[in-house]
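# The sequence and its predicted three-dimensional model are supplied below.
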Number of protein chains: 2
Amino acid sequence: MDEEILFSLLEKKNIKELRPILVAMNPADIAQFLSEVKEEELPLIFRLLPKDLAAETFVEMDSDMQEMLITGFSDRELKLIIDELFLDDTVDIIEEMPANVVRRILNQSDPATRTAINEILKYPEDSAGSIMTIEYVNLKKDMTVKEAFARIRATGVDKETIYTCYVTDENRYLLGMVTVKTMLLNDYETKIGDIMETNVIYIDTLTDKEEVANQFNKYNFLAMPVVDKECRLVGIITIDDALDVITEEATEDISKIAAVIPNDKPYLKTSIWRIWLSRAPWLLILMLSATVTGIIITKYESALAVSITLTACIPMLTGTGGNAGSQASATVIRGIALGEIEFSDIFKVIWKEIRVSVLLGITLAVACFGKLMAVDQLFRVENGYFIAAVICITMAVTVAIAKFVGAILPLIAKKCKLDPAVVASPFISTIVDALSLMVYCNIAIAILSPLGAM
Amino acid sequence: MDEEILFSLLEKKNIKELRPILVAMNPADIAQFLSEVKEEELPLIFRLLPKDLAAETFVEMDSDMQEMLITGFSDRELKLIIDELFLDDTVDIIEEMPANVVRRILNQSDPATRTAINEILKYPEDSAGSIMTIEYVNLKKDMTVKEAFARIRATGVDKETIYTCYVTDENRYLLGMVTVKTMLLNDYETKIGDIMETNVIYIDTLTDKEEVANQFNKYNFLAMPVVDKECRLVGIITIDDALDVITEEATEDISKIAAVIPNDKPYLKTSIWRIWLSRAPWLLILMLSATVTGIIITKYESALAVSITLTACIPMLTGTGGNAGSQASATVIRGIALGEIEFSDIFKVIWKEIRVSVLLGITLAVACFGKLMAVDQLFRVENGYFIAAVICITMAVTVAIAKFVGAILPLIAKKCKLDPAVVASPFISTIVDALSLMVYCNIAIAILSPLGAM
């Protein structure tokens, strides 16, 4: 609705009416509107925004649009925007930009900011250090609430959050934290040292950001402090960053479980070449690894030749194996991601999966037997009950293999410091396919050849 | 580390030393510790906690433990805990409890709380109304910052958040919102009406909670107001609730994509019967739907009999089809969940997938041809090049079918108000398997029968 009005004003070049509507909008909505206007109109509209709103809107844009705007900016315009940005946002932007744009951004930052940016860029990708910001409110323990509020008034406008404040000593060693809520609920003359929480839960700079997100999920904090090896406060991470991490990590895990190489761009904005690149490698690897199943089928040609039903059931067996395996692996992969399952739980997991496999194996074998009698009418075929037995036994064994492989592979991957989602899911169906086909053919030989059927 | 000390103190029944350590801990950590102690020790340790900490810890426990504790509580104890709880937490707890426990909880709540709980319970599951809380700070526009702070001091301790305050008129109509940050950065005498944000982004009580989470992701607010049909403020949702929703919804979508019926308990705490129940239905449905592929194979027996290589390639074709389909469906399902893709984008999606399919089809067909020559040595076989052509053409067509079905099925499901993840992913491989096998056999007949090979 709103957007239609904006577009019609834009078409009429009615800047005078467009501007106040735009200025009253939320930065995220402005960014969305800007993503829909024509490329040549983008800088024009962006320049209508006052600088603080312009900076907030800039942060919400995708990196292609940011790059386009920066390229069009004069140095002075670029500096105005950068000065308004929070440091962690600047770092996020820099990480997506080509080298020449990065150089321009760094040149337009003041020396202190530049040093800070370079510090943060030094932390490993995906570490807490790489997503933190240094713009937090720092209090001293002998301040009163009133003095603390005065400090917040003086410096708070540039802080990522003012609601959680940190108390440090002269060596930046973290002594405690205090929330604005606690301060507001206490008398103005109360000393910060008396109301601060000293049992502070903190994050190490090198902690993986997925673990950081889990900490936010567990503790429901609005912000958490990040400390270096000597336990000195170096920055904070706020809950909105944790929200982004949780969303991104979930998207990544879903991609990996579906054998897609993750890609942080929205689908509709990704070029077909990038989509091809993110999909082709796993499809190729998985296709070629199916060579193994092909070899097994060729080798056991004579066993399968006993009845076309044996061949006809191959997709059902490999399909069920793949489904059973991915049920177990997806559950375990998600459990690992949320910190609910660790490698040390491996025997608990195996024990659980063994019992579940027995239940599922019986369920599926019985259903499968019913299907073979009702649909394939094996009772009319010579040796039909034996053929059905081969298929049903294989079904139960396949489920057990699939559950076992599906559940332990992610845990082993994690133990080997590999990504559980990448290593585990795409390979599981290949491994399970091969194993179950071998089981199938061998059971067929064991049961059918004494009967003289082959 | 800490836990070991706690356990050793517990073993020695050294309550005197245990208590202060426990009291200094974060509620989430206490809950975790309690989940590891023996059942009979649980009430004993829980009673060591002061009532506010006890309530906060109670919220962090899983529902089995909550139920166990409530059963052991006297009415007075139960009332003490309930009085300390935030309303949305009480509702969360009630939703997991059996009827008799719910009745006890409601009996121990004061009448106003009971009415409010019943109001919230009336909202549909998964709606914004069902996850909101009514404990927000309500300001009037002619208050000064100082008066607002006084009000927060007086009432803030029981509010879910004090950092975002809402301004309403006498009919509870939402006029604006103001953050504590804005108030702190303005003079104490400033009128709230002059600094409040009037362009408030709000949520309708009936909005789906997944959409609510997306709004938080988009706007980075700490809280959002929830309004009824008449735009009157009825509650708020805070970012920590959004965080929970995002995590839960991602877990649910991963489960559904992996053909598991979602279950909100952590894997290690789920009984094998519940795991069986969450996995068996889809495995059965998918196994039985593979009947179709079996029928196709049986029907085209003579075409497949031309060469064992044709049969041997079935798992490779169906496997690649399944993988290609789930790549597309997982991407689209996630895009829908994040609000990036809508039904109206269906033609954009189809056009993208067609082009990607061409690229992937060529890539895979070429690789497949190489594999058939190198591994299966089809060049030595009579009509080998033609057999290879059948397989490679089918491979390309299968990828195209899989991408098409995988991409549009979730969108159609969404349009029909069905869950994209449930409807789409498990069925895709079945549909693709059946279609690609039919294509396979028909191409085989078209190419090979003129050669007199069948």
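Perfect, I can see it now.
# Quick check: chain neighbours aside, which residue is closest to A:Asp228?
Distance criterion CB to CB, 6 or more residues apart in numbering or on different chains; nearest residue to A:Asp228, sequence neighbours excluded, is A:Val234 at 5.2 Å. Any C-beta I mention is one placed from the backbone N, CA and C, and that applies to glycine too.
# Is that neighbour located within a strand, as I assumed?
Yes - assessed with DSSP: H, G, I helix; E, B strand; the rest coil, A:Val234 lies in a strand.
# Low-confidence regions, chain A specifically.
When residues are selected by pLDDT under 70, those of chain A lie in A:1, A:424-426, A:453-454.
# how about the longest helix belonging to it: buried residues?
The helix that spans the most residues within chain A, counting by DSSP state H, is helix A:384-415. Residues A:384, A:386-411, A:413-414 are the ones in helix A:384-415 that count as buried (16 or more other CB atoms under 10 Å in any protein chain shown).
# Among those, which ones lie close to chain B?
The subset of the buried residues of helix A:384-415 lying close to chain B, counting by CB under 8 Å from any CB of the partner chain, consists of A:Met395, A:Val399.
# who's in contact with A:Ile152?
Shown in contact with A:Ile152 (CB atoms under 8 Å, 6 or more residues apart in numbering or on different chains): A:Val137, A:Lys159, A:Ile162, A:Cys165, A:Val180, B:Leu184, B:Leu185.
# Could you tell me the angle between the helix or strand where it lies and helix B:145-155?
Assigned by DSSP states H and E, A:Ile152 belongs to helix A:145-155. Calculated by axes from the mean of the first three to the mean of the last three CA atoms, to 10 degrees, helix A:145-155 forms an angle of 130 degrees with helix B:145-155.
# Show me which residues of helix A:145-155 are buried.
Across helix A:145-155, burial judged by 16+ other CB under 10 Å covers A:Val145, A:Glu147, A:Ala148, A:Phe149, A:Arg151, A:Ile152.
# that older thread, what helices and strands are in contact with the longest helix of chain A?
When contacts are defined as 3 or more CB pairs under 8 Å, 6 or more residues apart in numbering or on different chains; DSSP states H and E, helix A:384-415 sits against helix A:308-312, helix A:314-337, helix A:346-374, helix A:420-448.
# just those helices: most buried one?
Highest mean neighbour count of those: helix A:314-337, a mean of 28 (counted as mean count of other CB atoms under 10 Å in any protein chain shown).
# what's the closest non-adjacent residue to A:Glu56?
A:Pro27 (3.8 Å).
# Pull the contacting residues for the one you found.
A:Pro27 makes contact with A:Leu53, A:Glu56, A:Thr57, A:Val59, A:Glu60 under the criterion CB under 8 Å, 6+ apart.
# Please repeat the previous calculation with a cut-off of 10 Å.
A:49, A:52-61, B:219-220 (CB atoms under 10 Å, 6 or more residues apart in numbering or on different chains).
# out of those residues, who's nearest B:Glu301?
A:Met61 (58.9 Å; CB to CB).
# A:Ile81 reaches A:Ile70, doesn't it?
Yes - using CB atoms under 10 Å, A:Ile81 is in contact with A:Ile70, at 8.5 Å.
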